[in-house]
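Enquirer: Give me a 3D structure for the following:
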Amino acid sequence: MRLGPMRRGPMRCGPCQWPLVAVLCALLCVPLCVLLWLPAPAVAVVARDSSSDGPAISAEVARLYEEAAQTSQTYERGRLAAKTQRMKAHRLEQLLEAERREVEALHADVGRVARAQYRTGSGGITYTTQLLLADDPEDLMNGQQLAWQADLAVSRMLERAERAERRLARDEKRATAAWRDFDARSLQLAAIKRGIAVKLEEARWKLQGAADRSVAAGRCAGAVRLEQQEEPTTRAWVTPVEKYELSAGFGGEGARWKSRHTGQDFAVPIGTPVRAIGAGRVVSVSCGGAFGIEVVVGHPGGYYSQYAHLAGVTVDQGQLVRTGQWVGQAGTTGNSSGPHLHFEVRLTRHMGSAVDPARWMREHGAGF
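Expert: Below is the predicted model:
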């Protein structure tokens, strides 16, 4: 089937200092350990055919698929955290700049007070002499009191400026260290993510190669038991794959089809878990022909679902399945132009009885 394009006073903190403390704490207390969390292997296998490497490859693909998905989720959380931290860092920089201006203003205030004291100074005459020579000693005493207060204000402003400068240097140092640690952890997780992606891609094509050999030999390799880790769904119907891009739809025309397209194609990578859309019984597992490796499941009410172009199967004919249970792994066997799942809803188990799967799924609460 055809693949479409993918879519995917007293000493107080200045007005800028308390927000700075809050932002800095938020910046430095972010749980960077989220970037070091690595997903544990999520899939186990019970091989049925020891003469073939298919089961081992299927299990490896499934394990790497789950590991890649979980690592991607962790990486995405880290990316969103980085975005949040960049916003906080921008705010921190604004507060630091405000603090720099405050320090400069304090120095300017100290200078103004010092110059004022110099202009109104007594020229070295002692305080007692000033009292004796003053026309109004009381006014002189009041003025001297103001001078003492000015001296005290200058001293306090100098202390405040020194503390602000020390705090500024400390905050900048801590923020820089935090960001260096954050960047290092982000790079580490990105490297792990790339490594898993490379291994997964290699394993996918090994799985596809084993599937192609099975189809060419005209026999199915047998089911591979893959243990699902997610919680069972409470819904009656689900889509056949969780994450996908829709490509060729029902009723379409193309050179690969004798008439019109009989199902809905989901563009997904090789090895993607394919799940039963609803509870039922496996009525057919076959290899060869235009559909390559395919599974057909019969559901209550007389409807059937078909899953084609698979690279592997995880169920046997006659087996009961629950909603969302894995029935196979997507591939590109049979008359296929690339990795995807061909999905049909049928009135019978046989080809030629398909109905519009998109409409049927919408009517059953699992639209795509």
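
Enquirer: quick one: low-confidence parts of the stretch 151-300 of the chain?
Expert: Within the stretch 151-300 of the chain, the stretches with pLDDT under 70 are 151, 229-232, 254-259.

Enquirer: just the helices in the chain please.
Expert: For the chain, applying DSSP state H gives helices covering 17-28, 54-119, 127-133, 137-217, 357-363.

Enquirer: Can you lay out the ones you listed as TSV showing distance to residue 320 and mean neighbour count?
Expert: For glycine as for every other residue, the C-beta is placed from the backbone atoms N, C-alpha and C. TSV is the format used below for those (distance: least, CB to CB, whole Å; neighbours: other CB atoms under 10 Å):
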stretch	distance to residue 320	mean neighbour count
helix 17-28	52	16
helix 54-119	21	17
helix 127-133	105	11
helix 137-217	25	15
helix 357-363	22	17
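
Enquirer: Tell me which of those helices sits nearest to residue 349.
Expert: helix 357-363 (15.3 Å; CB to CB).

Enquirer: Can you list the neighbours in contact with that closest one?
Expert: Under the criterion CB atoms under 8 Å, 6 or more residues apart in numbering, residues 237, 239, 249-250, 263-264, 277, 303, 343-345, 367-368 lie in contact with helix 357-363.

Enquirer: which of those residues are buried?
Expert: Neighbour counting by 16 or more other CB atoms under 10 Å classes 237, 239, 250, 263, 264, 277, 303, 343, 344, 345 among those as buried.

Enquirer: Pull the most distant pair out of the residues you listed.
Expert: Based on CB to CB, the longest span within the buried ones among the contacts of helix 357-363 runs between 237 and 250 and measures 17.2 Å.

Enquirer: Surely residue 57 and residue 211 touch.
Expert: No. Residue 57 lies out of contact with residue 211 (CB atoms under 8 Å); the separation is 9.2 Å.

Enquirer: who touches stretch 201-214?
Expert: Stretch 201-214 is contacted by residues 52-54, 57-58, 60-61, 64, 220-221, 269-271, 287, 292-293, 310-312, 329, 331-333, 339 when judged by CB under 8 Å, 6+ apart.

Enquirer: ok, 6 Å please
Expert: Stretch 201-214 is contacted from outside by 54, 57, 60-61, 64, 221, 270-271, 287, 293, 311, 331, 333, using CB atoms under 6 Å, 6 or more residues apart in numbering.

Enquirer: Please produce CSV containing these, extended by distance to residue 159.
Expert: Formatted as CSV, the contacts of stretch 201-214 follow (distance: CB to CB, whole Å):
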residue, distance to residue 159
54, 77
57, 72
60, 67
61, 67
64, 62
221, 81
270, 69
271, 67
287, 84
293, 80
311, 74
331, 74
333, 79
